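**Student:** What follows is a predicted structure for the sequence shown.
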Amino acid sequence: MIMKKSLLELNESEMTELMRSVGEPTFRARQLFENLYSGKSFDDMTNIPSALRDKLKINYTDIPAKIEKKFFSKDGTVKYLFSLDDGELVEGVLMTYKYGKTLCISTQIGCRMGCVFCASGIGGLKRNLTSAEMLAEIITVNADNACGKDRAVTNVVLMGSGEPLDNFDNTERFLRLISAPYTLNISERNISLSTSGIVDGIRALADTGHKFNLTISLHAPCDEIRNKIMPINKKYDIAGVISAAKYYFEKTKRRLIFEYSLIEGINDGAENARLLCKLLKGLPCHVNLIKLNSVKGKNLRASGNDDIKEFLSILNTGGISSTLRRIMGVDIEGACGQLRRRFAGCNDTTHSDKEGEQPQHTGV
Ligand code: SAH
Ligand code: SF4
């Protein structure tokens, strides 16, 4: 199916140029941005002449994602299932904190990185999301939580399904667009990108001159373990990832975040914690420990609470700032990639139903 481009793909100069090319005054560009970024479809843009809307409809679509379903948690977390113009489904999760609302969005349908603990990679990569589709995840959630002029979403994390740096061009365009003053104007400080360690992408992101927060999914203190659980490590080993992370810090001065999901008997031993201390010593970073979310059929289990406590304490006494990530949304459907798979009819891979094994829902 060939999809029409969404008008949301356009930046300020492209929209202005488009208006010029159809003989419209340039202020229409600003009007279109206001309409689009408040979630309006062409039919609802009543301040735009209908002749212009009809002209635009020939080559462009408006908002390319719709909210298909919502799941509410007792702790206020809301999980969204979005449908896209070609019928594909993606997920996002809205979390409420004291400082605002964080939306975790997807960047691809599926993922080709094949990490052994992750549900998103199970069916491989289906397709990349466009920048407009990523924007539409935020815009539809804003519209769904509209309260006057205030937008609901204050922070964005790229931690849903997909590897954002494996979809670099669309992701970069998306990041530039949401942080632009004429769109959602979300500060770069409030945007985080999580990667499995695509070294070239990390360096390229640093070179854009933007200062987004960078999270690296490390999950192992040495190549021997990481090769077993994250195939991408055979292409970009830990030394390469750490060196790219340092480069990112030098360019942006943003403290690095490392994600480390504790998997029983694989990466959770005291010796692994000590190795991790050595590896990260001197790096301006924080380690987020996560209790693994068991994925059915994967035969991997979350570490026990005592092992997690010991791991955490070795890191902290070893001078590595670290916390166990707070689990939110435990009573709604499991982590991101899993929800899409369930609705796409792939029941066999859904999460364990045991409450204690539910994920921090920002994981895929
Ligand atoms: N592809 C990117 C971003 C999406 S994954 C990345 O890998 O970083 C978001 C986070 O969820 C990553 O840290 C990932 O390692 C973690 N994750 C995936 N499956 C998980 C599981 N079953 N349990 C705990 N964390 C998981
Ligand atoms: Fe892809 Fe991230 Fe899942 Fe790995 S953890 S398979 S990179 S989405």
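**Tutor:** All right, it came through fine. This one's a predicted model, so the numbers in the text were calculated from it and none came from an experiment. Ligands and ions are numbered 1, 2, ... in the order given.

**Student:** List the buried residues for stretch 199-207?
**Tutor:** For stretch 199-207, the neighbour count (16 or more other CB atoms under 10 Å) marks 199, 201-202, 205-206 as buried. The way it works is simple: take the backbone N, C-alpha and C, and place the C-beta from them, glycine included.

**Student:** just the residues of the stretch 201-350 of the chain that are near ligand 1, which are they?
**Tutor:** Within the stretch 201-350 of the chain, the positions near ligand 1 by CB under 6 Å from any ligand atom are 217, 259, 261, 290, 292-293, 295.

**Student:** Just the ones in strands from those residues, please.
**Tutor:** Mapping these onto strands (DSSP state E) picks out 217, 259, 261, 290.

**Student:** Name the nearest residue to Leu214, ignoring sequence neighbours.
**Tutor:** Tyr248 (5.3 Å; CB to CB, 6 or more residues apart in numbering).

**Student:** so that neighbour is in which element?
**Tutor:** helix 238-252 (DSSP states H and E).

**Student:** Name the residues of that helix that are buried.
**Tutor:** Within helix 238-252, the residues scored as buried using 16+ other CB under 10 Å are 238, 241-242, 244-246, 248-249, 251-252.

**Student:** can you check stretch 14-29 too?
**Tutor:** Neighbour-count burial for stretch 14-29, counted by 16+ other CB under 10 Å, picks out 15-16, 18-19, 24, 28-29.

**Student:** Same check on stretch 74-88?
**Tutor:** 77-85, 88.

**Student:** Taking these, tell me the two that lie furthest apart.
**Tutor:** Thr77 and Asp85 (27.1 Å; CB to CB).

**Student:** Go through the buried residues of stretch 74-88 and say which is closest to Thr317.
**Tutor:** Using CB to CB, Thr77 is the member of those that lies nearest Thr317, at 32.4 Å.

**Student:** Would you check that my belief about that closest one contacting Gly92 is correct?
**Tutor:** No. Counting by CB atoms under 8 Å, Thr77 does not reach Gly92; the two are 11.2 Å apart.

**Student:** quick one: contacts for Pro25?
**Tutor:** Residues near Pro25 by CB atoms under 8 Å, 6 or more residues apart in numbering: Met19.

**Student:** Next one, pLDDT for it please.
**Tutor:** You'll see Pro25 listed with a pLDDT of 97.
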